[in-house]
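>>> no sequence for this one, just the structure:
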């Protein structure tokens, strides 16, 4: 499969959109980052609490959880608020659970002690890849919250709590069969296959979620998509490291 | 009553916090503004729809409504999401209704035609005065949405739809008896009296909502508070005009 | 502004509708009053509990809260029950909160001890001014519940728990510009400005909530409305005192 | 089984509590009655609507439905509002359905035409037998609403719409084995068997709902209870007729 | 009243449909039975818990409760799931409460100790009589759960906890006036009168719930229906005993 | 990686549990199948409706959707009903969406016409792999419903509506590193990696959902898991074909 330059925004098939990570966006949260993948903007805040959910009490371990949400007009047409509808939709639930699982994959909950960190990932503007931006930004907010907890004496070392970093990217197959990295909304909405891949800083998989929206995909296509994703998450891991080093 | 300089942030009693209004913050909404009153940041988006609620159909008039919400970690400690709780709290309802009423006070719904504009005011960071910042920012987003509607031929002239501008500010009485303008959270949480005043560009009242949180207030205190508020909204009206002129 | 006699029910602009307060309407509640402002009838019951909400435990203080509701056919056309809709509307929330705040303004929660009193204000028939009747009647029910608590040894003296009395009235500006006191539904539904004022027995303000439903109002109109309101609440305070003296 | 006079309120076993029916209690509803069975007070309003639920449209028939509710402090200890809990409890549902079915048993829905009448039965004060008082009072409110509809030309004759009258009473077996009519709360809460019986004006059964709360009951006990119930509903039918004749 | 053979499925008026009871259908529950009354199939599971609801703690007594539900396509046309609608309907509530009361009538809650047994009755396929099948099957599941609790040492003897057996059957009057036992859906949906009767193994009544869906019924009809019901429940009690003896 | 025989139930690593598919389990649904993967039992019903959701009207295409649910005691300990909790949990939403997407991947919605088929997948007993059993069984129910629709003249040919078959299986990595097919609950709850794979009859991927519950997985492990899954779904496709041929 040749990787040609046929994308509407002029990117190569294996090229990320411009990524910016603004740490300490929030004056209140123990950790926070505003992350942008092109036109997608997600505000990630990490809230630390010296407490755990009831089902975990007395076990000497902590918990990391996440809640994802979109502002009503983050998208091209306005959606009703889930608070107004009185219930959370399936997609929101699914993404919140994905973010939580992805972060817990790199957390040593024993080293965290009986503390809980909640990541709120609120999409302020959406242009595809909101869940992958959320995971990538949430890790930075989480790292800052763990560092804050260390400085306050709640946990020992950040390096013990966070065993590795984690980031995520979307890949997909466009109608003509072209596999591409980091799809904006226009590509995502017409892709034949859509895949989100969550990868640790050391390059192992935490989640692989591929869906055939159109024609089912074969093993060769799957391999190409995984290659693209590993390239993308490698770059994101570097950006996370650089942001946290500042 | 002498107006002395006794506020924690060094402001005079009749001085606003730094205000910034960033128009066109959102790439999708017909109008949008990120407004900041000191540490309070509210993202206001205006969504235009060529349609009206069912109870208004066929009457040749439009509608302007608003929804207010706070991100879970906009505040110093995290609050549960209303979408997760499955219902909207009393405070949220109350502020959403206030914003909607305030904007409709300067809208000629007949001139708007059978169109609807929804203002979403999402508090990204809170430090007192979120409802007044929301009203002030929402007016700017509304004005841009009306201008967009004019350019698309949905309404005749912006000046016909918007009869005036509208802004809002908080005033209050501090424990020692000092009346002050534009209270940040630390002042607001200990104030004896708390008042939100919504005023048109020409200086008339749209809403006056004063509450004794501690000692009830007398007529003289009420008069001082109203004076402060009218000074504050006069400045805000100028800032709105300047922002919209750019 | 001349106060002429132009009201549909023949009242003077500064005249209250007939007010009746029936104490001990309920056989079960620790305090109760059926209050009528003309055609508006609100049943107010006060329920005493030797317990406080969790967030207040161990602080040596009590709490007073209120819930307002309207029977489905209290109004001219039937409204759906909020219990059937599964959620409480914004207006109901807002009024419940207003009643609770108004009563707490005259309660010394320390003197109440770790006890809680819940005021239920159920509108049996509505003809304008339901929230002001509710506040006025709820105070009477509250006073009886505090007296009951004293007689049972739960609190020391009624006079220590209740620092003052509190009542409320509506005022408004009719389409022709006439300011009037205590608006029935027909006046309220067409008023240019609508204001609810909550005042202590000693004449200080607890709440001032004025809203321009039509044309915004100026400072002079505001002053006239406040004068009318203070006259009305002075009369209501006398009636409360007389009712409680029986 | 001997019927001895052993009841706390001195009544004979087959004696009703004092019953009062106050028609036209509500100024707004098309029909209304405040009914009292001793200390039980239920406000019944009938709301007429020239419309039917969607599933009934175009069939030339109408509908009669009912909603039952209790004020929070109708009882000896305060219950949380169902609107606040966000859902209606099983008991409320069950009684609402019972009232609706009981009334429809005497309504010719064809003669009603495509109109709907909603009966709201709100218990203002409870002392046992609230559902039976509700059915008995709701019939009176319904009759007035049908008469109103006739006078407005919505239906032909009241006698065609209402084929008969309907009333209801509770009966039960007290711990010692005594069968009694019309149980107040103190008797009801300790009864071995509790039965509610709905009977037409001509003496036929519409509903028989008997429950063994303690020891199961035999055929002879059932027969005694049915005899008592038929005596009670015969008296209630007379009172309804007299009330409607005024 | 002659009992002639006029039923669509060829049964005599006093004849049950084929009944099968399959114990131990579930590998997980402490007791379980799949019960079939003709085309009606209900899966009943009994879950034992060494715990009681909060309101019962410390009283030395246990609790038995039930939840009834229907799969969406148990019926001829699909119904929306109550979980999706976000609330439980009146009919479901009513039947759940009926099953719980019926079982508790034969349980000595003191002998059960501070333990709770929850009966889940899920209708997999419906053809009339689902509530009566549920009660009859739930008793078998309950008996097995009590036996399990005995074998685990949670309760003393099954015979002490279960004072008797309990079963239920429907009876009704068909349009022509024929009284019949155990109505399938086609008969039930057109019946003039519908009655569900819950009876102990020793032949006493636990519940009698008769409703006139069409013409109200007289005393003679009621007597015939009760005779049929007692015949049916006598047979069901025998089947329960035989099933539990295997 | 050697595939040794170390599983608690004695199966080879690449061996499915016994699978049974019982068609026509339901008398009412247009298609139905009770599917068992070992101790996992899922009842799948397909409900056909000559109608489409509002957002699809007038586009000449149909829709296939699914709802997944678990009976409260399908599992080892009882879970609260989602209908009682008043909302659907994240896991339920996620699986319902997965089943719907998986089936739509093999449906030609244009050939289906403006018709809708709803698949209800109710887990009667759970022992791991409930979502994969649900997808596999739902396809059989769907095929029968499409065949029914063809026989009734609602659609042309089954082969046009269903472009292929679809089935699903779980694979995972056990703590020692062994990759296995079709995990029962005991394996699933301790697996390091858990993956669900949905595959068409012709062997292409519809969904790949892999999650590291413990240690993240590398590319080689991913490849082994995909090989196992393709083997399993090939066998399931054969069983589906055979079941539908009977």
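Received the coordinates, thanks. Given the structure is predicted, the values throughout are model-derived calculations rather than measurements.
>>> number of residues surrounding the nearest residue to residue A:173 once chain neighbours are set aside?
In this structure, residue A:173 finds its nearest non-sequential neighbour in residue A:193, 4.1 Å apart by C-beta to C-beta, 6 or more residues apart in numbering or on different chains. (Glycine included, C-beta is placed from N, CA and C.) Residue A:193: 23 surrounding residues under other C-beta atoms under 10 Å in any protein chain shown.
>>> what of residue A:227?
That count, for residue A:227 with other C-beta under 10 Å as the rule, works out to 16.
>>> need the residue in chain A that's farthest from the chain's center.
residue A:58 (30.2 Å; C-alpha atoms, centre = their mean).
>>> would that residue count as being in a helix?
No: per DSSP: H, G, I helix; E, B strand; the rest coil, residue A:58 lies outside any helix segment and is coil.
>>> state the distance from it to chain E.
18 Å (C-beta to the nearest C-beta, to the nearest Å).
>>> and what of residue A:103?
The value you get for residue A:103 to chain E, if C-beta to the nearest C-beta is used, is 29 Å.
>>> which of the helices or strands spans that residue?
helix A:90-104 (DSSP states H and E).
>>> in that helix, what's buried?
A:90, A:92-104 (16 or more other C-beta atoms under 10 Å in any protein chain shown).
>>> based on its surroundings, how many neighbours for residue A:57?
Neighbour tally, residue A:57, other C-beta under 10 Å: 10.
>>> so what's it closest to, chain neighbours aside?
Using C-beta to C-beta, 6+ apart, the closest residue to residue A:57 is residue A:114 (7.3 Å).
>>> and for residue A:84?
residue B:88 (6.5 Å).
>>> near chain F at all, stretch A:58-78?
No: Stretch A:58-78 is not in contact with chain F by C-beta under 8 Å from any C-beta of the partner chain; minimum separation 10.8 Å.
>>> pull out the buried residues from the lengthiest helix in chain A.
As assigned by DSSP state H, the longest helix anywhere in chain A is helix A:219-245. For helix A:219-245, burial by neighbour count (16+ other C-beta under 10 Å) applies to A:221-233, A:235-237, A:239-240, A:243-244.
>>> hang on, the earlier thing: enumerate every residue touching the residue nearest to residue A:57.
A:50-52, A:56-57, A:59-62 (C-beta atoms under 8 Å, 6 or more residues apart in numbering or on different chains).
>>> phi first, then psi, for residue A:18.
phi -60, psi 130 (degrees, to the nearest 10).
>>> poorly predicted segments of chain A, please.
A:1-5 (pLDDT under 70).
>>> which parts of it sit against chain C?
Within chain A, the positions near chain C by C-beta under 8 Å from any C-beta are residue A:86.
>>> pick out the residue in chain A sitting closest to chain C.
residue A:86 (6.4 Å; C-beta to the nearest C-beta).
>>> can you pull the contacts of the spatially closest residue to that residue that is not a sequence neighbour?
Closest residue in space to residue A:86, ignoring its immediate chain neighbours: residue B:86 at 5.3 Å, by C-beta to C-beta, 6+ apart. Contact analysis of residue B:86 by C-beta under 8 Å, 6+ apart lists A:86-87, D:86, F:86-87.
>>> and the most centrally placed residue in chain A, which of the three is it?
When C-alpha atoms, centre = their mean is applied to chain A, the residue found nearest the centroid is residue A:135 (1.6 Å). What three-state DSSP gives for residue A:135 is helix.
>>> gap between it and residue A:90?
Distance of residue A:135 to residue A:90, computed by C-beta to C-beta, to the nearest Å: 19 Å.
>>> can you pull the phi/psi pair for the residue in chain A positioned nearest to chain E?
Chain E sits closest to residue A:87 of chain A, with a gap of 6.3 Å, by C-beta to the nearest C-beta. Phi and psi for residue A:87, reported as degrees, to the nearest 10, are phi -160, psi 160.
>>> for the closest residue to residue A:40 other than its chain neighbours, give me its contacts.
Nearest non-adjacent residue to residue A:40, counting by C-beta to C-beta, 6+ apart: residue A:127, 4.7 Å away. Counting by C-beta under 8 Å, 6+ apart, residue A:127 touches A:37-40, A:184-185, B:27.
>>> rewinding a little: give the contact list for the residue nearest to residue A:84.
A:83-84, B:82, C:87, C:90.
>>> what do you get for residue A:30?
Contacts for residue A:30 (C-beta under 8 Å, 6+ apart) come out as A:46-48, A:117, A:144-145, A:148-149.
>>> state the distance from it to residue D:217.
Distance, residue A:30 to residue D:217, using C-beta to C-beta: 65 Å.
>>> then residue A:113?
From residue A:113 to residue D:217 the distance is 61 Å (C-beta to C-beta).
>>> could you do residue A:40 as well?
From residue A:40 to residue D:217 the distance is 69 Å (C-beta to C-beta).
>>> who's the nearest residue to residue A:210 once chain neighbours are set aside bridged to?
The shortest distance from residue A:210 to any non-neighbouring residue, by C-beta to C-beta, 6+ apart, is to residue A:195 (3.7 Å). Taking DSSP bridges as the rule, residue A:195 bridges to residue A:171, residue A:210.
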